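Participant: Quick one, what's the 3D model for this:
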Amino acid sequence: LKPFWLEGRLRVAVAWPGPAQASHMAPAAAQIQPPAKKARTGAGHRVPNPEELEEGTPVVYWGGYRGLIRDAYAPLDEFWVTNAETGDIVRDDSGEIVQFKSSDLQLVAAPPRPPQQDAKNKSGVLLIGREEHMVKILEHFGPPHLEERRSPQQLLALPCNMCEPSQLTSASEGVAEEVLALGRRLRHDIHVGVRTSSLKQVVEPIVPELSILEGYYVLSAVQLPYSLESIESDGVDMWEAHRRKEVCNQIDLCATATCDHTPDEAPHVAARQALGETCGIEISDTLWESEVQLALRRRLSMEDFATQLDDANGMHVVVILLPDDAVATKIQGVLCFSEPAGVDYLSATSAVGKSAQAKSTGSSGLSRDGGDEGRIQGKTVKEWEEEQRTEFANEPKLPPGWIRVKSRKSGDVYYFNKKTQESTFDFPELPLPKGWTKQVSKSSGKVYYFHAQRGTSTFERPKE
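Facilitator: Residues are numbered from 1 along each chain as shown. Got it, this is the predicted structure:
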């Protein structure tokens, strides 16, 4: 047993017994004179810095063998490598695991772009919000599917200050053990770990702003490797098979949503569509506007916080910051974030007077004094409260904080939460006991309840 302290955790590395593999056995001379066996920098390859190497990073070792980083101890500049062909950990001729230095390794060059990719662009969305926003999103998305690959497999809410390169590696701890197990079953031929390099490239240009954005979270998508069956399936061309096998072969933390699209499609349009299709999230036209996003940043005294960026791979990323008072509404299975009624983020008085207004109204941007501002379907909250005792007097009692509202356009009645400003056509339920969330099974469609801390689930509504 050889202990290593890494990010405050004790990792125990076990040297498993077994015969050394000749295909990736260390030459005897390499054990006597290791420097003489360092791989020479070839075309497109380069010697990495220790911080660039993490689990799953493809490398070249001993001058030509391809491998993957199995375990990374960057503070000590020590790395374990598995052979890319056999999946076995690299050992020397005595059977001991080889501890490589970063200078012993080379980063594998990026694969060539297939011809059809030359006509496509890549865009994405990085969603940032408060804890209450993230809780709604994670509850809406539900627990990860554990039987087959999905895109994405899981969503993670990472504190913004965790996005610094030195800390982002620890974000891999948020990936569910069951998701890890599924990823390793999909690519049982190689070692599979969690990579954060894709997310690092996206957040790198805005790390200074993220590091001081307290109380906010970045929403990251967890992508699994493709299975061997999907790589070899009919209809997958040579380039796509290469991408699935050699590039998308690890568990990757990525931006919230990404997509490929034709050059004639606007990046922000394609990215917005991908957010809805992959995560089931919609952002209102107002909140999506660049001018509004800039105004939200000015309110935080962060004028230099980019609203869009291009990462190191050329992907165009729209950076959406949800305001504190964003309203979450479910519409036909999609979680929609919009601005509260009566709030104009581009108005100087709205920005300056928001705090005072919230104190006088008891909610974000809703007027309760009967004025014109903040009306819901033409009436104030106070007027709708009166309607509960008249028009809706014979209706079933609602949980505390909820009222019925009738749409002026359709006449349909829906439910409105006075505190959170959430609106829904579904009859609101009493709050669940602490720690419990309501979920819908993706395989059967049945509703069940999940307690993340206890790791338990039940079909019966919990009482405690």
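
Participant: Residue 309: helix or strand, and which one exactly?
Facilitator: Using DSSP states H and E, residue 309 maps to strand 308-310.

Participant: Buried residues in that strand, which are they?
Facilitator: 308-309 (16 or more other CB atoms under 10 Å). Every C-beta, even on glycine, is put in place using the N, C-alpha and C of the backbone.

Participant: Kindly report the same for stretch 94-111.
Facilitator: Of the residues in stretch 94-111, 97-100, 102, 104-108 count as buried by neighbour count, 16+ other CB under 10 Å.

Participant: same deal with stretch 83-95?
Facilitator: Buried, per 16+ other CB under 10 Å, within stretch 83-95: 83-84, 87-92.

Participant: Repeat that for stretch 304-315.
Facilitator: Neighbour-count burial for stretch 304-315, counted by 16+ other CB under 10 Å, picks out 305, 307-309, 311, 315.

Participant: Just the closest of the residues you listed to residue 339, please.
Facilitator: residue 307 (16.5 Å; CB to CB).

Participant: How many residues are close by the closest residue to that closest one other than its chain neighbours?
Facilitator: In space, and not counting its chain neighbours, residue 307 is closest to residue 293: 4.5 Å by CB to CB, 6 or more residues apart in numbering. By the measure other CB atoms under 10 Å, the count of residues near residue 293 is 21.

Participant: what's the answer for the one 10 residues further on, then?
Facilitator: Residue 303 sits with 9 neighbouring residues when counted by other CB under 10 Å.

Participant: List the contacts of the spatially closest residue to it that is not a sequence neighbour.
Facilitator: Residue nearest to residue 303 in three dimensions, not counting chain neighbours: residue 297, with 6.0 Å by CB to CB, 6+ apart. Neighbour list for residue 297: 303, 305, 307, 321 [criterion: CB atoms under 8 Å, 6 or more residues apart in numbering].

Participant: Model confidence score at the residue lying farthest from the centre of the chain, please.
Facilitator: No residue in the chain sits farther from the centre than residue 390, which is 46.2 Å out by CA atoms, centre = their mean. pLDDT for residue 390: 91.

Participant: Can you give me the distance of it to residue 460?
Facilitator: Applying CB to CB, to the nearest Å, the value for residue 390 to residue 460 is 37 Å.

Participant: go on, residue 124?
Facilitator: Look at residue 124 and residue 460: by CB to CB, they are 40 Å apart.

Participant: ok, now residue 215?
Facilitator: In this view, residue 215 and residue 460 are 35 Å apart by CB to CB.

Participant: Can you pull the poorly scored residue ranges out of the chain?
Facilitator: Along the chain, segments meeting pLDDT under 70 span 1-45, 109-119, 348-374, 440-445, 452-453, 455.

Participant: Just give me the residue right at the centre of it.
Facilitator: For the chain, residue 220 is the residue whose C-alpha lies nearest the centre (CA atoms, centre = their mean; 1.2 Å).

Participant: these two touch, right, that one and residue 257?
Facilitator: No: using CB atoms under 8 Å, residue 220 is not in contact with residue 257, being 10.4 Å away.

Participant: Test my guess that residue 316 contacts residue 202.
Facilitator: No: contact criterion CB under 8 Å: residue 316 and residue 202 do not qualify, at 10.6 Å.
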